[in-house]
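Colleague: structure of the sequence below:
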Amino acid sequence: MASSYSQTIEALSISLTNHRSHYTLVAAAGISLSVSLIIRALFSNRRMEGRVLNSPLAAMQSPNTNNNEHPLPLDVLPGARDVQTPYGSIRVYEWGPEDGSKVLLVHGITTPCISLGGVAHALVDRGCRVMLFDLFGRGYSDCPSDLPQDDRLFASQIFLALGSSPISWTGAGSGRFCLVGYSLGGGIAASFASFFPQLLTALVLLAPAGLIRDSHISFRTRFLYSGGLPGRLLTYLSGKRLRAGPLSTPKSQHKKFHTRDALTEEIPSQTGTEAQILSRSYPNVTVPAAVLWQVNNHDGFVHAFVSSMRYGPILAQRQRECWERLGRYLTEQKKLPAPVQKLNGLPSDKVIIMCGVTDSIIIQDELSTDANATLGNDVIFKYFSAGHEFPSTRYDEVAQIVSDTLLSNA
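Modeller: Numbers count the residues shown, from 1 in each chain. This next block holds a predicted model:
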């Protein structure tokens, strides 16, 4: 009897313990769900739907602003104009002889288009007509907060910039144009070319994103930009990190790509022999100062950076299809006589990729292997003894290669 009583007590004890564990798990799950819902409510994207995050353009137009001492003067490059679009205002610069070879330059994820100012000036010196614009959320371009910064938005922005020109860049008799893309802009350019090769005379990619292997992305960066966090929470966390700097050398020595690398690797040291003139009207303008001002003053910059990291043409797993589409086009072009290729659009021998041999983001050997694999070996490679920032420091050499490409068999 005692034994039976003891067993009954033990069974009741186990039952109560199990119930307590069950209640504990239910309570923990409820708390976790509540916290998750609160976070999503606090940092959801609903507050940003339908909004355009304005650039600092209005503040710069104040009569109290000293343009001469500003890190990014409104007329930092010639031919400035602000183009009103359904996505917000776009800052465009265009100059050079109207009958010159047309070159459109697309900058990277962090810098305004002034980073390619040296290349643009050097191309105009060689008789080209150039156009640059600030990507949405950079420089003096607004940022649409309710749209992902992906291939579709970037292609739309390119057409909006081209359509604002007083001369034809794409119509009959325009002669088409050469597309030059740097870093994120390289991924944008490759994607654009894969859909619209008939508009191009040449494609030049400077340390292009789009083929970065996932194995080089740190776990933390993959987690942050995988889509698991609410957009506003991710923007808040990334904003704190981006504003913390540093915005200067030394360059990253990481074996894995981190968020901060995207911010710093496009920025030249601006010391010694690397000090270059990107704006001839304002020779003291530097990329680090312009980026620091942009991070702290552009309401849309952090959002644009985060959205580009999450949706933009950066990783190979996301962009390989575009590169393969471009490769199939080049393969078909190569079967045609050279004069017919030119009539069709982008010739198979006019795809140039430039890379810095010490670049810690775009790895030289991997880029050449992956680009050849997707583009069918229809690529001409040029290498610089420099890092990811070489378009801002070796711009005269870059411009010469572009010019030679446009002149050969013109």
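
Colleague: report the distance from stretch 383-394 to the chain centre.
Modeller: Distance of stretch 383-394 from its chain centroid, counting by Cα atoms, centre = their mean, to the nearest Å, is 17 Å.

Colleague: just list whatever residues bridge to the closest residue to residue 136 other than its chain neighbours.
Modeller: Of all residues not flanking residue 136 in the chain, residue 143 sits nearest, at 4.9 Å (Cβ to Cβ, 6 or more residues apart in numbering). (Each C-beta comes from the backbone N, C-alpha and C, glycine too.) Under DSSP bridges, the beta-bridge partners of residue 143 are residue 53.

Colleague: roughly how far apart are residue 143 and residue 377?
Modeller: 39 Å (Cβ to Cβ, to the nearest Å).

Colleague: more crowded one of the two?
Modeller: residue 143 (27 against 11; other Cβ atoms under 10 Å).

Colleague: who's in contact with that one?
Modeller: 52, 53, 55, 88, 136, 137, 298, 299, 300, 301, 303, 304 (Cβ atoms under 8 Å, 6 or more residues apart in numbering).

Colleague: which of those tops the neighbour count?
Modeller: Neighbour counts for the contacts of residue 143 peak at residue 136, which has 31 neighbours (criterion: other Cβ under 10 Å).

Colleague: that residue falls within a helix, correct?
Modeller: No. Under DSSP: H, G, I helix; E, B strand; the rest coil, residue 136 falls outside any helix and is assigned coil.

Colleague: does it touch residue 146 like I think?
Modeller: No. Look at residue 136 against residue 146 with Cβ atoms under 8 Å: they stay out of range, at 11.8 Å.

Colleague: what about the helices in the stretch 251-400 of the chain?
Modeller: In the stretch 251-400 of the chain, the helices defined using DSSP state H, counting those that start in this stretch lie at 259-264, 287-297, 301-311, 316-334, 338-344, 364-375, 390-393, 395-407.

Colleague: swap in the stretch 51-200 of the chain?
Modeller: 57-60, 117-125, 151-163, 184-195.

Colleague: how about low-confidence regions in this structure?
Modeller: 1-50, 215-231, 234, 237-238, 240-275, 409-410 (pLDDT under 70).

Colleague: ok, now with 50
Modeller: Along the chain, the parts satisfying pLDDT under 50 run over 1-2, 4-9, 11-17, 19-48, 246-254, 257, 270-273.

Colleague: domains of it?
Modeller: The record assigns the chain these domain ranges, following automatic domain parsing: 2-43, 52-407.

Colleague: among those, which is the most enclosed?
Modeller: domain 52-407 (a mean of 19; mean count of other Cβ atoms under 10 Å).

Colleague: measure that domain end to end?
Modeller: End-to-end distance for domain 52-407, by Cα to Cα, to the nearest Å: 41 Å.

Colleague: off-centre distance for that domain?
Modeller: Relative to the chain's own centre, domain 52-407 is displaced by 6 Å; criterion: Cα atoms, centre = their mean.

Colleague: for the remainder of this discussion, apply numbering that starts at 874.
Modeller: Will do, 874 is the new start, and the previous item becomes domain 925-1280.

Colleague: what's the closest non-adjacent residue to residue 1200?
Modeller: residue 1248 (4.3 Å).

Colleague: same deal with residue 1073?
Modeller: Nearest one to residue 1073, counting by Cβ to Cβ, 6+ apart, is residue 1219 at 4.2 Å.

Colleague: quick check: phi and psi on the one you found?
Modeller: phi -60, psi 110 (degrees, to the nearest 10).

Colleague: I figured it was touching residue 1076, is that so?
Modeller: Yes. With contact defined as Cβ under 8 Å, residue 1219 reaches residue 1076; the gap is 6.0 Å.

Colleague: for the nearest residue to residue 1223 once chain neighbours are set aside, name its beta-bridge partners.
Modeller: Leaving aside its sequence neighbours, residue 1223 sits nearest to residue 1075 (Cβ to Cβ, 6+ apart; 4.0 Å). Residues in a beta bridge with residue 1075, per DSSP bridges, are residue 1051.

Colleague: residues making contact with stretch 1239-1247?
Modeller: Residues contacting stretch 1239-1247 (Cβ under 8 Å, 6+ apart): 1081, 1084, 1086, 1189, 1193, 1196-1197, 1199-1200, 1226, 1228, 1252, 1254.

Colleague: farthest pair within those residues?
Modeller: 1197 and 1228 (20.2 Å; Cβ to Cβ).

Colleague: quick check: end-to-end length of stretch 1219-1232?
Modeller: End-to-end distance (Cα to Cα), stretch 1219-1232: 28 Å.
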